[in-house]
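Whatever this is, show me its structure:
(2 chains)
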Amino acid sequence: MDIGRPQRIIEIEPVSLPVPAPDLPEPMTDPIVEPMPETSPEPAPAEPVDP
Amino acid sequence: MNILSTAGSLEATKAVEPIVAWRTWALSGHRDGSNLLLRPVAGRSRPWRPMQVTEAGCKHTRLHASPSVDCTCGLHGTHGLDLLRRTRCPAVLGRVALWGRVIEHDLGYRAQFAYPQLITLICQFCFWQWGTHGATPDVVGWFPRDELVPLCWAHLEQAQRYGMEPRRLLPAGEIDLRVRETYAVDPLVRW
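Residues are numbered from 1 along each chain as shown, chains lettered A, B, ... in the order given. Next up is the predicted model:
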């Protein structure tokens, strides 16, 4: 295919590439919350035993 | 901004917006309509990979970067549609974005990088005869070497009479949709 004579050179550096971005996984709407470990109540200090 | 061209007396400019031009492609795919790939219409050159920037190459790549002013290499696009009617076996017509180093010619461009923007299947015989009017194909013929040829009913019949017998026929609408989904581009609806 003959497109004629060259006229000019254009150096094009696009701000964003005209190429579709690959599908990314959907962001989770709810943040994942690590279940808090159940806290066991502090053991009550042993009552001093009278000698 | 004008800068001094390294390629002789050609004017050189800089830009940030890709150029959008006309282009045709050949189409290849498996007999079940999978693995669809756009290809240059000339020869069995490398396909344009979906979702990837296509970069120009040249058999003289050791001698120059592509496109070179003194060569015919580069990814081609045209200003108008009529010139494309002379291309060999076009299966897909569309608009293509061109960027990087682009050499503008009288009737089109040669570019370093490209990606299709809008595409549609065409019946090559309708396109050769009537250009932009009614080249919508009805079927896509599958041929050996995974060549896919979109045809209207009338030209399928004519092709068969002259011994161009597809091994399998696929629905054009479905293949058109699959190509667009493969490349994640919109349909070319007005042209």
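
And the residue of chain B that's closest to chain A?
residue B:106 (2.7 Å; CB to the nearest CB). Yep, even glycine has a C-beta here, placed from its N, CA and C like the rest.

Contacts only, for that residue.
If you count contacts by CB atoms under 8 Å, 6 or more residues apart in numbering or on different chains, residue B:106 has them with A:3, A:4, A:5, A:7.

Same question for residue B:21.
B:77, B:78, B:79, B:95, B:96, B:98, B:108, B:109.

Okay, now the unreliable bits of chain B?
Low-confidence segments of chain B (pLDDT under 70): B:1-8, B:43-44, B:61, B:190-191.

Out of the contacts of residue B:21, which sit inside strands?
B:77, B:78, B:95, B:96, B:98, B:108, B:109 (DSSP state E).

Restrict those to those that also contact chain A, please.
Within the set of the ones in strands among the contacts of residue B:21, contact with chain A (CB under 8 Å from any CB of the partner chain) is found for B:78, B:98, B:108, B:109.

Look up the residues forming beta bridges with the first one.
Right, residue B:78. residue B:22, residue B:108 (DSSP bridges).

Was I right to think it contacts residue B:20?
No - in this structure residue B:78 lies outside contact range of residue B:20 using CB atoms under 8 Å: 11.4 Å.

returning to what we had before: how about the contacts of residue B:21 in TSV, adding distance to residue A:12 and neighbour count?
Shown next, in TSV, are those (distance: CB to CB, whole Å; neighbours: other CB atoms under 10 Å in any protein chain shown):
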residue	distance to residue A:12	neighbour count
B:77	13	24
B:78	17	20
B:79	16	17
B:95	16	17
B:96	13	29
B:98	8	29
B:108	15	24
B:109	10	25
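
nearest to residue B:148, of those residues?
residue B:96 (19.2 Å; CB to CB).

Verify the contact between the closest one and residue B:110 for me.
No - using CB under 8 Å, residue B:96 is not in contact with residue B:110, being 12.0 Å away.

Overlap in contacts, these two.
residue B:75.

Quick check, the residue in chain A closest to chain B?
For chain A, CB to the nearest CB, closest residue to chain B: residue A:4, 2.7 Å.

Can you pull the phi and psi angles for the residue lying closest to that residue once chain neighbours are set aside?
In space, and not counting its chain neighbours, residue A:4 is closest to residue B:106: 2.7 Å by CB to CB, 6 or more residues apart in numbering or on different chains. In terms of degrees, to the nearest 10, the main-chain angles of residue B:106 are phi -60, psi -40.

Quick one: residues contacting residue B:82.
Residue B:82 sits in contact with residue B:131, where contact means CB under 8 Å, 6+ apart.
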